[in-house]
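Student: Predicted model and sequence follow; I will ask about them next.
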Amino acid sequence: MSTAKSTALTVALVGITGPHSRGWMETLQNLAEVDRLLVCDSDVEDGVPHPATETHPAAQIPETATVVSFDSLQTDERPDMALLSVRNDQAADLGTRLLAAGIPCIIEKPAGRTAADIERLNEAARTGGTIWAPGFLNRLQPAALRIKRLISEGALGKIRSIEARMVTSSVGQRNPDHWLFDKQIAGGGILHWLAIHTVDLIRYLTGQEFTEVSGHTRTYTRGIDVEDMAALSFTLSGGGVGNLHAGYILRQRYGDIGLTLRGDLGEIVWPQWDAEGRQDTLYLHSEGPQSETPLAETITLAPAGGPGYGGAIGIEFVRSFIHAAKMGGRFITDGEDALRAMRFVEAAYAASETGTRVRP
């Protein structure tokens, strides 16, 4: 994509106190296509962040950026695209206003508190004739792209089993006073904020939909009203079964995040994070049609480093979204993916409450 002045873009960052706002700010500062950076935040008054976000210091606004009001983004300061890194209870209201005005948006996941919020965003995008995307950056992980290709080539055969883990540091380490643990603001807990990445990856990698969800959610941390633990089972449209274990419980920052996919012709193990940090290795054993060896293989696929949220992956995510928005093409993720993921989360809550199996 050309970075000449004739094609340089104006991009807005909406929200400077979100958990990932500092990273997103750095991403936009390092994106060559961005000629003018606009910044606005409704949670900041006189330069002081909203009290509920003090555990995540506000992003520093660079001298080269222009601070604007949100209303001006729909009129005289209209950007080529906007990136929203705001509270979950703000995402749908702010996003629908921009999308209805025809401004393409990347919205920090989960992009709302409920599936109804996501449906509002999708309707606004249709009204405005534009696109939007949730921040499902993990779809661009080299390991994820390789797994998707392997599955599509038949390396695993028919998928029978999936094991997924999103187990991470405790609420106490993350500050129970943060809005992430306030149901009225966040909508939910570990499933909303982190496990939704895993939910989306399962759909993306397998190309299948969830058909039923059952299981349990619990709140163990005093003083919060969202789940900090979930143990779920699910079925897929292709006939496979799986489980998802998620929780804020570890003493360390990261420690047990990963995916295992098994089929009648092979299996893939992807330990995304462990006690030593991010892992870039896949363990593949395949007897599929394109397998070169009957033995287990170890495949290392490290993503390129870089500044900002997600490093080089975050930069490529925004760059590819800009291209899709400008050219009218498809992007790697969209509002339908956000809706499907949130419906799974809501089905999990309903299943836990009723003790039944629920269709997302």
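Tutor: That came in fine, so what should we check first? Numbers count the residues shown, from 1 in each chain.

Student: what domains does the record give for this structure?
Tutor: 9-134+310-333, 138-303 (automatic domain parsing).

Student: Could you point out which of those domains sits nearest Y349?
Tutor: The closest of the domains of the chain to Y349 is domain 138-303. By CB to CB, the value is 6.5 Å. For glycine as for every other residue, the C-beta is placed from the backbone atoms N, C-alpha and C.

Student: R203 against F210, yeah?
Tutor: Yes: with contact defined as CB atoms under 8 Å, R203 counts as touching F210 (7.2 Å).

Student: Residues in contact with both of those two, list them for me.
Tutor: Common neighbours of R203 and F210, counting by CB atoms under 8 Å, 6 or more residues apart in numbering, are R340.

Student: Show me the shaky parts of the stretch 151-300 of the chain.
Tutor: The stretch 151-300 of the chain contains residues with pLDDT under 70 at 295.

Student: can you pull out the strands in it?
Tutor: Ranges of strands in the stretch 151-300 of the chain, per DSSP state E, counting those that start in this stretch, are 159-169, 210-218, 229-236, 241-250, 254-263, 266-274, 277-278, 281-286, 297-300.

Student: What segments of this protein are helices?
Tutor: 21-29, 88-100, 115-128, 142-152, 171-174, 183-186, 190, 196-206, 312-327, 335-354 (DSSP state H).

Student: so of those helices, which one's packed in deepest?
Tutor: Highest mean neighbour count of the helices of the chain: helix 190, a mean of 25 (counted as mean count of other CB atoms under 10 Å).

Student: who touches it?
Tutor: Contacts of helix 190 (CB under 8 Å, 6+ apart): 166, 226-230, 246-248.

Student: Kindly recompute the last result at 10 Å.
Tutor: Helix 190 is contacted from outside by 166-168, 171, 180-181, 196, 217, 226-230, 246-249, 345, using CB atoms under 10 Å, 6 or more residues apart in numbering.

Student: how near is the nearest residue to N30 once chain neighbours are set aside to G172?
Tutor: Sequence neighbours aside, P307 is the residue nearest to N30 in space, at 4.9 Å (criterion: CB to CB, 6 or more residues apart in numbering). Distance, P307 to G172, by CB to CB, to the nearest Å: 30 Å.

Student: ok, the residue nearest in space to the middle of the chain - contacts?
Tutor: For the chain, the residue nearest the mean C-alpha position is F136 (3.2 Å; CA atoms, centre = their mean). The contact partners of F136, by CB under 10 Å, 6+ apart, come to 109-111, 196-197, 199-201, 203-204, 317, 332-334, 337-338, 341.

Student: what do you get for I224?
Tutor: By CB under 10 Å, 6+ apart, the residues touching I224 are 171, 176-178, 180-183, 186, 189, 248.

Student: between those residues, which is closest to F70?
Tutor: F70 lies nearest to A186 out of the contacts of I224, by CB to CB, at 20.9 Å.

Student: and the gap between R97 and T354?
Tutor: Relative to T354, R97 is positioned 36 Å away (CB to CB).

Student: scratch that, L137 is what I was asking about
Tutor: To T354, L137 is 33 Å away according to CB to CB.

Student: and what of V226?
Tutor: 19 Å.

Student: what are the ranges of the strands in the stretch 1-150 of the chain?
Tutor: Using DSSP E, counting those that start in this stretch, strands in the stretch 1-150 of the chain cover 9-14, 34-40, 66-67, 81-84, 105-107, 132-134.
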